[in-house]
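# Predicted model and sequence follow; I will ask about them next.
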Amino acid sequence: MKQFLLSIFLMTVVSSLHAADTVARIAVGMDHKESIALLKKHSAEDITPGLAIVGPNGEHPLHGLVWALRDYDAIIELAEQNGKITTLTYWTKKDFGTSKDHRARTEQNVKSLTLDPKGHAVSVEKQKEG
């Protein structure tokens with residue numbers, strides 16, 4: 001019985017390690033809860049409470065809006081409505097951390113963001129203009 005439980009435990013550990021090794025794609029139109037789960041699997045930390053962001057009815061601190069990806073050079077903002085991502089905004093950590101003016105000039109509204117854990121690489125698919 002102990003060996004059986006140990007086998008199940010090891011399969012669970014290997015499975016969770018494999019999940020963090022797979023490429024993740026987050027896109028506009030995707031389920032918001034699913035995207036948050038993917039972000040957390042890829043070292044994301046909710047930094048919204050530390051920012052001076054106030055909700056439409058004066059709510060503060062807010063949660064789940066701006067995410068820092070520790071293992072990647074990325075800060076992203078997820079806007080959602082009715083459980084779906086409506087806007088996905090991307091910055092490098094340097095651009096986000098410089099100043100609010102610089103942050104506003106360097107923000108990129110993107111269609112999707114792909115995280116590759118092997119090289120800690122981020123690739124973005126930009127929104128089509130027009």
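Thanks, I have the structure now.
# residue boundaries of the helices in this structure?
Ranges of helices in the chain, per DSSP state H, are 2-21, 32-41, 93-98, 100-106.
# for the second one, which positions count as buried?
Under the neighbour-count criterion of 16 or more other Cβ atoms under 10 Å, helix 32-41 has 32, 35-36, 38-39, 41 buried. Glycine gets a C-beta too; all of them are placed from N, C-alpha and C.
# if we take those, which one ends up nearest to Gly83?
Within the buried residues of helix 32-41, distances to Gly83 taken as Cβ to Cβ reach their minimum at His32, with 5.3 Å.
# Count the neighbours of the closest residue to the closest one other than its chain neighbours for me.
Among residues not flanking His32 along the chain, Glu80 sits closest, at 4.1 Å (Cβ to Cβ, 6 or more residues apart in numbering). Glu80 is flanked by 18 other residues according to other Cβ atoms under 10 Å.
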